[in-house]
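A.B. asks: coordinates only, no sequence provided:
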């Protein structure tokens with residue numbers, strides 16, 4: 001599997017789905033296959049919502065605003081959880097992070 005560069009994820013970073021994955025919805029969840037590693041990943045309903053929002057590239061602050069509008073959660077908790085999810089997706093090669 002080719003190494004992908006890891007970039008710091010900031011509020012103004014643009015996040016895009018990797019072209020090296022395929023995904024589908026499974027009810028409220030999502031299943032993703034990373035094609036280089038042949039590993040499957042699953043996302044819970046909130047993670048699946050983030051994945052849906054990434055159908056077109058978005059800045060982290062746009063993702064955060066959308067989640068805060070849809071879920072009752074403190075902003076600092078939502079941001080921390082979102083960044084943690086994005087870091088896991090990046091490490092798995094499922095998203096690309098573009099600097100502002």
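C.D. replies: Cool, the structure landed. From a predicted model like this one, the values you see are computed outputs, not experimental measurements. Residues are numbered from 1 along each chain as shown.
A.B. asks: kindly check the end-to-end length of stretch 21-38 for me.
C.D. replies: 9 Å (Cα to Cα, to the nearest Å).
A.B. asks: roughly how far is that stretch from the heart of the chain?
C.D. replies: 12 Å (Cα atoms, centre = their mean, to the nearest Å).
A.B. asks: now do it, average pLDDT.
C.D. replies: For stretch 21-38, the per-residue pLDDT values average out at 96.
A.B. asks: can you pull the pLDDT of residue 1?
C.D. replies: What the model reports as pLDDT for residue 1 is 42.
A.B. asks: and what of residue 5?
C.D. replies: pLDDT at residue 5 comes out at 62.
A.B. asks: pairing partners for the helix or strand harbouring residue 32, with directions?
C.D. replies: Using DSSP states H and E, the element containing residue 32 is strand 29-34. Paired strands of strand 29-34, with direction, are strand 21-26 (antiparallel), strand 39-43 (antiparallel) (DSSP bridges).
A.B. asks: ranking those by burial, who's on top?
C.D. replies: strand 39-43 (a mean of 15; mean count of other Cβ atoms under 10 Å). C-betas here are computed from N, CA, C, even on glycine.
A.B. asks: what does the helix or strand that it is followed by rub up against?
C.D. replies: Next along the chain after strand 39-43, taking DSSP H and E as the criterion, comes helix 45-53. For helix 45-53, contacts defined as Cβ atoms under 8 Å, 6 or more residues apart in numbering pick out 17, 23, 25, 28-30, 32, 43, 62-63, 66-67, 70-71, 81-82, 85-86.
A.B. asks: mean confidence score for helix 45-53?
C.D. replies: Average pLDDT, helix 45-53: 98.
A.B. asks: can you check stretch 58-78 too?
C.D. replies: Computed over stretch 58-78, the average pLDDT equals 98.
A.B. asks: in it, what counts as buried?
C.D. replies: 58-60, 63-64, 67, 78 (16 or more other Cβ atoms under 10 Å).
A.B. asks: can you point me to the longest helix in the chain?
C.D. replies: Under DSSP state H, the helix in the chain containing the largest number of residues is helix 75-91.
A.B. asks: any residues touching that helix, and which ones?
C.D. replies: With Cβ under 8 Å, 6+ apart as the test, helix 75-91 has contacts from 6-7, 9, 15, 46-47, 50, 60, 63-64, 67-68, 71, 73, 95-97.
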